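J.: sequence unknown, structure follows:
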């Protein structure tokens, strides 16, 4: 029966090729949208690693730093530390600390680390331990750096679980210096101009870009003030629960008092989170709406084509009825042909789509997500195709044998 | 002849309303998408208020400082623009404006976030703002570091409600400014102009910004004409060689005065300042449009091919009476183009509504997207192109029908 269906399809290959192409292309569109949705849903279900409630972020504009003289750079640091101190003293503030790579910031302080298993893009930036408190980081091993760590000649580093796993595997990361690999993937000595980082703690996770983004590799180094360090542009402030937006004005006022020549932008992490979510979801909304329109269009087109095909095959279908086929049998034939055609199209589409994970396009998406996306697309596509086929197949059963054979 | 074909096409389309509406839905949707896309791109690149002279403006918005093992990319420094870029041959006027920065102000305890830009007095001459109140500040304000500002209508509404703002004081980012003028809101994509509050560069309190080679500023060069662009670029390049560096951290500075299009491409593609990949951007854009048209095209071809059957007796008769295949192909492609033009009209209406919705939604600050004559022309060209693309294959199939088979209604 099934083999016969394919024979029928093959006999009308030219007409079917177009329908096949159309279904395959729609399947591809569905796959892209469904995989993106699956990816976002998957990310949404991972722990965020920090708590954004009651946290405010002050972005500081201190002017050009890197191309300035050493005196300017030292002075910048001095004032940054002072601002940090003063913010903590404000009423309603629980804790406050400087930080690079704050949540939802879009800062790009990152590093490309060569490892034997390829290059890792690692978020790395200095932070004051108070910022970790403000974000309620959950330490799963070791500890956060603290006041006693300032005098070491190496820099304490806290990494997230994902980075610890990537660098050290199952070995204990605590106390380990940050490993360096050469281009060939062999361990090498640290060079003189590279900082001596040593891992002292592991945090559960840090999904900086928010709920629907993937977990990055992340490392936090202890803040070391000085003209040769990279200065954080943000202070994170955790307020006592119930503190209202009133604090913004007081905060802004105080900051301008302390540094009249700098600029400050005070926001809640909650508002940053809203913006980040919106900017992540907007492309999906636009793409999803466009895809939905495309699919509806294809569905309508498909129904039209099937309708015309059934009308065109009146003689054939009438002959079958005359030879004793039941209405159900004819209906099954029309639907069966359509489903067989869809299956061929889906296989073709899947082969094309699977090139994405195989070639490592969007390599950060795990293959299970692709699987889920393809499955969801299959479900939607078959459902749609059957819906499109229902009316034409019913139409096919209405062919009266005598009328059909009398066609010309 | 063509009138006859048009009449025939409309008759045929009218006969099978279901299929015509299915086709029109697809065509309308596709062309709406393409029209919205081209309207947006047109608005990004076209000279419009306040950038009415955009075609003659070059932007120095991105420089790259390089040293032995360090590199610093981004906005130009005020010092660089002031000392090395002024007085280029062929430049009629030059303005210096900072990139917008978010500043907080407070109105009865409520926070207002505004985009503040420091702009010199020439800024108001190079660009062409619509003042609804007052006037821009002038050279003496810039020289004297007077605390004056021009604000947008939205800013006025946020700070002063519906009242007049000129002469009143606005407190923002820890400083207070006397409002001298109010301008109509500027869409965010007018990147050199967009902002909420503009104040003289000299009121910028950042220490030693006047010395910086790199950091936060944009130079706007208004050329006498576009033909001066090569001269300006050449002289700019030779000025780069003369730059004095404050220390030996950096010893090379790179940059190119760019048109808006080149600047956009650079921002999107992160290409090097010297070679913005404009050709690649055009190719990518065309590719994206074609990809978007792919599925609707197959869909339309499919419906058209299926409908050959309906027309077979007509084709048979015409062939039997000696119509050439070529003529039939033309006729059917023409019919399809007519269909696409009707679809384009639907798409155009859809695009007008969609753009109005985007403008009103506030998702894109102060967006003023709309359909103008140029976008209308794009739509027409796109519709004809789409019509030919989706019409050629079915037409060829139709025209190839054997007259006898066609008359019998056998279209296999």
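T.: Now that the structure is in, tell me what you want to look at. These numbers were taken from a predicted model, which means no experiment stands behind them.
J.: do stretch B:323-340 and chain A meet at all?
T.: No. If you take Cβ under 8 Å from any Cβ of the partner chain as the test, stretch B:323-340 misses chain A, and the best it gets is 13.6 Å. C-beta coordinates here come from the backbone N, C-alpha and C atoms, glycine included.
J.: Residue A:235 belongs to a strand?
T.: Yes. Per DSSP: H, G, I helix; E, B strand; the rest coil, residue A:235 lies within a strand segment.
J.: That one and chain B, how far apart?
T.: The gap separating residue A:235 from chain B is 14 Å, by Cβ to the nearest Cβ, to the nearest Å.
J.: do residue A:103 as well
T.: Taking Cβ to the nearest Cβ, one finds residue A:103 at 17 Å from chain B.
J.: Next: residue A:361.
T.: Distance of residue A:361 to chain B, computed by Cβ to the nearest Cβ: 15 Å.
J.: Counting neighbours, what do you get for the nearest residue to that residue once chain neighbours are set aside?
T.: Leaving aside its chain neighbours, residue A:361 sits nearest to residue A:355 (7.6 Å; criterion: Cβ to Cβ, 6 or more residues apart in numbering or on different chains). Neighbourhood size, residue A:355 [other Cβ atoms under 10 Å in any protein chain shown]: 10.
J.: Could you list the low-pLDDT ranges of chain B?
T.: Along chain B, segments meeting pLDDT under 70 span B:69, B:269-276, B:309, B:408-412.
J.: That should have said the stretch 301-408 of chain A, apologies.
T.: A:363, A:405-408.
J.: Provide a list of residues in contact with the residue of chain B found nearest chain A.
T.: Scanning chain B for the residue nearest chain A gives residue B:174, at 2.8 Å (criterion: Cβ to the nearest Cβ). By Cβ atoms under 8 Å, 6 or more residues apart in numbering or on different chains, the residues touching residue B:174 are A:252, A:253, A:255, A:256, A:257, A:260, A:263, A:264.
J.: picking that back up, next one: phi and psi at the residue nearest to residue A:361?
T.: Main-chain torsions, residue A:355, degrees, to the nearest 10: phi -60, psi -30.
J.: Okay, now the unreliable bits of chain A?
T.: Scanning chain A for pLDDT under 70 picks out A:1, A:106-108, A:363, A:405-408.
J.: buried set for the longest strand anywhere in it?
T.: Scanning chain A for the strand with the most residues, using DSSP state E, yields strand A:118-127. Going by neighbour count (16 or more other Cβ atoms under 10 Å in any protein chain shown), the buried part of strand A:118-127 is A:120, A:122, A:123, A:124, A:125, A:126, A:127.
J.: Can you spell out which helices and strands pack onto the following helix or strand past that strand?
T.: Counting by DSSP states H and E, the next helix or strand C-terminal to strand A:118-127 is helix A:129-134. When contacts are defined as 3 or more Cβ pairs under 8 Å, 6 or more residues apart in numbering or on different chains; DSSP states H and E, helix A:129-134 sits against strand A:93-99, strand A:234-239.
J.: which residues touch helix A:129-134?
T.: A:55, A:84, A:88, A:94-99, A:102, A:144-146, A:158, A:203, A:220, A:222, A:235-238.
J.: one more time with 7 Å
T.: Contact partners of helix A:129-134, identified using Cβ atoms under 7 Å, 6 or more residues apart in numbering or on different chains, comprise A:55, A:95, A:96, A:97, A:98, A:99, A:144, A:145, A:146, A:236, A:237, A:238.
J.: for the chain, what spans make up the helices?
T.: Going with chain A. Assigned by DSSP state H, the helices in chain A fall at A:2-11, A:13-44, A:70-89, A:129-134, A:161-168, A:246-258, A:269-312, A:314-322, A:327-353, A:355-359, A:367-397, A:401-405.
J.: not what I meant, chain B
T.: For chain B, the helices defined by DSSP H occupy B:2-15, B:17-45, B:78-80, B:123-126, B:139-144, B:153-160, B:229-241, B:260-269, B:278-306, B:308-320, B:325-361, B:373-399, B:403-408.
J.: Closest to the geometric centre of the chain, which residue is that? Let me know.
T.: If you meant another chain, say so; for now it's chain A. For chain A, residue A:213 is the residue whose C-alpha lies nearest the centre (Cα atoms, centre = their mean; 3.8 Å).
J.: look at chain B instead
T.: Taking Cα atoms, centre = their mean, chain B has its central residue at residue B:44, 2.0 Å away.
J.: Nearest residue to that one in space, please, no chain neighbours.
T.: For residue B:44, the spatially nearest residue (Cβ to Cβ, 6+ apart) is residue B:189, at 5.1 Å.
J.: For the stretch 251-400 of chain A, which residues are neighbours of chain B?
T.: A:252, A:256, A:260-261, A:263-266, A:290, A:293-294, A:297-298, A:300-301, A:304-305, A:308-309, A:312 (Cβ under 7 Å from any Cβ of the partner chain).
J.: Show the buried residues in these.
T.: Buried among these by 16+ other Cβ under 10 Å: A:252, A:256, A:261, A:263-266, A:290, A:293-294, A:297-298, A:300-301, A:304-305, A:308-309, A:312.
J.: Check the burial of residue 237 by counting its neighbours.
T.: Using chain A. By other Cβ under 10 Å, 29 other residues sit near residue A:237.
J.: My question was about chain B, not that one.
T.: 14.
J.: How about residue A:171?
T.: Count around residue A:171 with other Cβ under 10 Å applied: 9.
J.: Now do the same contact list for the residue of the stretch 201-350 of chain A found nearest chain B.
T.: Closest contact between the stretch 201-350 of chain A and chain B, by Cβ to the nearest Cβ, is at residue A:256 (2.8 Å). Residue A:256 makes contact with A:264, B:174, according to Cβ under 7 Å, 6+ apart.
J.: and it, how far is that from residue B:175?
T.: From residue A:256 across to residue B:175, the span is 8 Å (Cβ to Cβ, to the nearest Å).
J.: Let me know how buried residue 377 is, in neighbour terms.
T.: I'll assume chain A. Counted with other Cβ under 10 Å, residue A:377 comes out at 25.
J.: Not quite, go with chain B.
T.: 11.
J.: care to break chain B down by domain?
T.: B:2-47+B:280-407, B:62-257 (automatic domain parsing).
J.: Of these, which is nearest residue A:50?
T.: Nearest to residue A:50 among those is domain B:62-257 (22.7 Å), distances taken as Cβ to Cβ.
J.: Quick check: end-to-end length of the closest one?
T.: One end of domain B:62-257 to the other measures 9 Å (Cα to Cα, to the nearest Å).
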